[in-house]
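Undergrad: I'll drop the sequence and a predicted model, then ask my questions.
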Amino acid sequence: MASFFIPLTGLEADSTALNTIANDLSNMNTTAFKGQSANFSDLFYQQIGSAGSGDPVQVGAGTQVASISTDFTQGSINSTGSATDVALNGNGFFVINDGGVSEYTRAGNFSLDASGNLMTQSGQSVMGYPASNGIVNTNSPLTRISIPVGQVEPPKATTTMNMTANLNATSSAGATFPGQITVYDSLGVSHVATVTYTQTGTNTWSYSVALPAGDFSSGTSTPVTGSMTFDAAGNLASVTQGSGTPQTVGTAAGDISQIPLSFSGLSDGAANLNIQWNLLGTSGNPTISQVAASSAVSATTQDGYESGQYQSFTIASDGTVSATFSNGQQLAVGQLALANVTNVQGLKMLGDGNYATTMASGAASVSASGTAGLGTLQDGALEESNVNISAEFSNLIIAQRAFEANSKAVTTFDTVTQETINMIH
C-alpha cells in the first residue's frame, strides 16, 4: 500500500541522513576528514486524474537520497612539531601509491618505514618528484619519497673560494699580512690555506697561497704566487700570476676574475686540489681592497665540505624535502607532488582518508604545490577535520524529527487500516 510505502521511503532516507551525521561526528578528530551531508529529492509521481482545467492531479510516491555531498573546504591547521607531519593549505591532494595504483589523500600524518620511505598511516607510499645531487627534476615520473636515514653524505672538494679583505695602504714596503681559509680535499679532509700578502711598493702587493708543509707527502709545500696592484681609490686593478703579465681585474674579454690554485701530492692520498680563487663578489666588484685601515679579512667563502651523517629533514612550502647532515649541509632528496581533479565530488572514498578517481571526477592532474591552482604545504602541522559540531547537532535534531514524523505516519496508516478492517467485520 502506498500509505505505508511513502513514509517508509522517508524512514530510509532519514536513516541515511542520521548515519551520515553520525559518521561526521565520529570523525570530528580524524586528520583532514571532510564532513558530508545527505541531500533528498522526491520520487516519481502517479497521475490519478486531471482537474477541470486539464491540469494533472498527481500523487507523490515518497522521497529518496539523491546525493551525499562532501564538504572539501579547508580545515584548521594545527601545529604538531613533527617532521613527518605536513598540512596542505589550499586545493589539492597528496599523491600516494598503493601497490602500483595511484590514490589521493588530504591526511598528511605520515611516518617513515624501516628503509626511510615516507608512508601514510595505512601503508601507502607518499609520491613525489625525484632529486639527483640535490636538484629536483619535476619532469621525471613520480617516485616514492625516501629520506636518507642513517646515511652519510659524501664529501665535496673545494673548487671555488673567495676572500673579502683589506690591505692597509699605510703599510711600509715589506709589511706582510696573512689571511686564512679552510678548504677541503676529495676525501673531505680539511686544510688551512694561508694567503700571505706582502707590500712590495706603492699600491702593489704580492700574494702567496700555500698549504701547511705537513699536508704533503713530500713534506714541502709549493705556494702559488703572483702580485696585485690597486688604483688610487684602493680598488683592485690588476693581477699578475707568477711571472706573467698584468691582467685587468673584471669580466670583460681578456680580464681576469679568478686565480687558479693547484696543490698536488697530498699526504692523505686525495686527488689534486684545484681551486678557483674568485676575485669578484656577487655584485661584480673586487672583494680585496687597499685603504688606510688595518689589514683584516672580514669574510671567506668556499664550496667544499667534509662528509656528514644524516640528522633530520624538513619539508618546504613548495614540497621540497631537504635532508640536513652533521656537516651543516642540506640536500634536496625529493619534492612532494600534489594532484587535483575537475570534480572533487566525483571522487570515490576508500577509507583511511584516501580517495580514488572515477569517471565522474575526471583524471587527476599532478604538479608541485603552489602551481596550477594547488595549495602550499606547512611542515610540522596537520589539517584538522572540518566537521562543524554545532551544525551537525542541529542537523541531527532535524533528521530525528523527520524520522519521528515518518514513524508517526506509519502508525497512523496502521490505525486507519485497522479501523477499515473492523468496519468490514
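TA: That came in fine, so what should we check first? Please read all numbers here as calculations on a predicted model, not as lab measurements.
Undergrad: What's the local residue count around residue 251?
TA: When counting by other CB atoms under 10 Å, one arrives at 9 neighbours for residue 251. All C-beta spots, glycine's among them, are computed from the backbone N, C-alpha and C.
Undergrad: ok, residue 76 to residue 381 distance?
TA: According to CB to CB, to the nearest Å, residue 76 and residue 381 sit 10 Å apart.
Undergrad: the more surrounded of those two?
TA: More crowded of residue 76 and residue 381, by other CB under 10 Å: residue 381, with 19 against 10.
Undergrad: Could you find the closest non-adjacent residue to that one?
TA: Among residues not flanking residue 381 along the chain, residue 87 sits closest, at 4.1 Å (CB to CB, 6 or more residues apart in numbering).
Undergrad: beta partners of the one you found?
TA: Here residue 87 sits in beta bridges with residue 378, as judged by DSSP bridges.
Undergrad: wait, isn't it in contact with residue 369?
TA: No. Using CB atoms under 8 Å, residue 87 makes no contact with residue 369, being 11.2 Å away.
Undergrad: Give me the buried positions along stretch 377-397.
TA: Residues of stretch 377-397 classed as buried under the neighbour-count rule (16 or more other CB atoms under 10 Å) are 377-379, 381-387, 392, 395-396.
Undergrad: I meant to write stretch 300-315 there.
TA: With burial defined by 16+ other CB under 10 Å, the residues of stretch 300-315 counted as buried are 300, 302, 304-308, 310, 313, 315.
Undergrad: before we move on, what about stretch 212-229?
TA: By neighbour count on 16+ other CB under 10 Å, the buried set for stretch 212-229 is 215-216, 221, 224-229.
Undergrad: and which of the buried residues of stretch 377-397 is nearest residue 68?
TA: Relative to residue 68, the closest of those is residue 395; by CB to CB it sits at 12.9 Å.
Undergrad: list the contacts for the closest residue to the closest one other than its chain neighbours?
TA: Nearest residue to residue 395 in three dimensions, chain neighbours excluded: residue 21, at 5.5 Å (CB to CB, 6+ apart). When contacts are counted by CB atoms under 8 Å, 6 or more residues apart in numbering, residue 21 is found next to 392, 395-396, 399.
Undergrad: List the residue ranges of the protein that fall below the pLDDT cut-off.
TA: 1-3, 413-414, 416-417, 419-420, 425 (pLDDT under 70).
Undergrad: Which neighbouring residues are in contact with the most centrally placed residue in it, exactly?
TA: With distances taken as CA atoms, centre = their mean, the residue of the chain nearest its centroid is residue 319 (1.4 Å). Residue 319 is in contact with 128, 335-338, 368-369, 377, counting by CB under 8 Å, 6+ apart.
Undergrad: Pretty sure residue 245 sits in a helix.
TA: No. Membership of residue 245 in a helix is not supported by DSSP: H, G, I helix; E, B strand; the rest coil, which gives coil.
Undergrad: Distance check, it against residue 88.
TA: Applying CB to CB to residue 245 and residue 88 gives a distance of 62 Å.
Undergrad: With neighbour numbers in mind, choose between these two.
TA: More crowded of residue 245 and residue 88, by other CB under 10 Å: residue 88, with 28 against 7.
Undergrad: Setting aside sequence-adjacent positions, which residue approaches the more buried one most closely?
TA: Once flanking residues are discounted, residue 88 sits nearest to residue 375: 5.3 Å by CB to CB, 6+ apart.
Undergrad: Next, count neighbours for the one you found.
TA: 20.
Undergrad: can I assume it is in contact with residue 368?
TA: No. Look at residue 375 against residue 368 with CB under 8 Å: they stay out of range, at 11.1 Å.
Undergrad: okay, and the common contacts of those two?
TA: With CB under 8 Å, 6+ apart as the test, residue 375 and residue 368 both reach residue 338.
Undergrad: ok, and for stretch 248-255, which residues are buried?
TA: For stretch 248-255, the neighbour count (16+ other CB under 10 Å) marks 249-250 as buried.
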